[in-house]
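Q: Pasted the sequence and its predicted model underneath.
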Amino acid sequence: MIPRLLKLLLIMSIAVATVLPFTASSQDAQHAYFGFEPDITTNYLKSPGDSSLGYIRVAIEVRVPSTQELSMIEYHAPLLRNAFIQVLSTETEARIRSLTGREEIRLACLEVAQELIRRETGEDIIRDLIFTKYIYQ
């Protein structure tokens, strides 16, 4: 009786797990992402007293409310790319290598991007920013 009940429970949980990802709200379906290509690669100082350099390569995507805003982001992509390079190149090795530092860097890039777009367009169109690739050496 118990093995049969466990089988039934397993089948039900698999069925629920396959259905849940497809039940996103219509509001989430309206969002669009803009990916900066090519990946952003820049140097950073490994330590303040040392002149050796490390490098970081990130792929960045920003989320906007709808596809209509993608053209604005594309138009301002060089400005945003430059801002991302400035943020990344001034970071310390400790922050670049740590998970909490990575999140702080992501938030710093998001804040800079939101401020630049707000200043250039007068609108708040960048909702979020994600790193889809994050490589450092």
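A: Thanks, I have it. Values in this document were obtained by computation on a predicted structure and should not be read as measured data.

Q: now the helices: where do they sit in this structure?
A: Using DSSP state H, the helices assigned to the chain run over residues 2-19, 26-29, 70-75, 77-89, 93-97, 99-121.

Q: So what touches the third one?
A: Residues external to helix 70-75 that are found in contact with it (C-beta atoms under 8 Å, 6 or more residues apart in numbering): 32, 34, 62, 64, 80, 117, 121, 123, 125-126. Just so you know, the C-beta spots here come from the backbone N, C-alpha and C atoms, and that holds for glycine as well.

Q: Show me where this structure dips below the pLDDT cut-off.
A: Scanning the chain for pLDDT under 70 picks out 1-3, 5-29.

Q: can you do 90?
A: Low-confidence segments of the chain, defined by pLDDT under 90: 1-30, 45-52.

Q: remind me, longest strand of it?
A: strand 53-64 (DSSP state E).

Q: For it, which strands pair with it and how are they oriented?
A: Counting by DSSP bridges, the strands paired with strand 53-64 are strand 32-35 (antiparallel), strand 40-45 (antiparallel), strand 128-136 (antiparallel).

Q: ok so, going back, which of the contacts of helix 70-75 are buried? Put it as a ChimeraX command.
A: With 16 or more other C-beta atoms under 10 Å as the criterion, this ChimeraX line picks the buried residues out of the contacts of helix 70-75:
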select :34,62,64,80,117,125,126
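
Q: Good, wrapping up.
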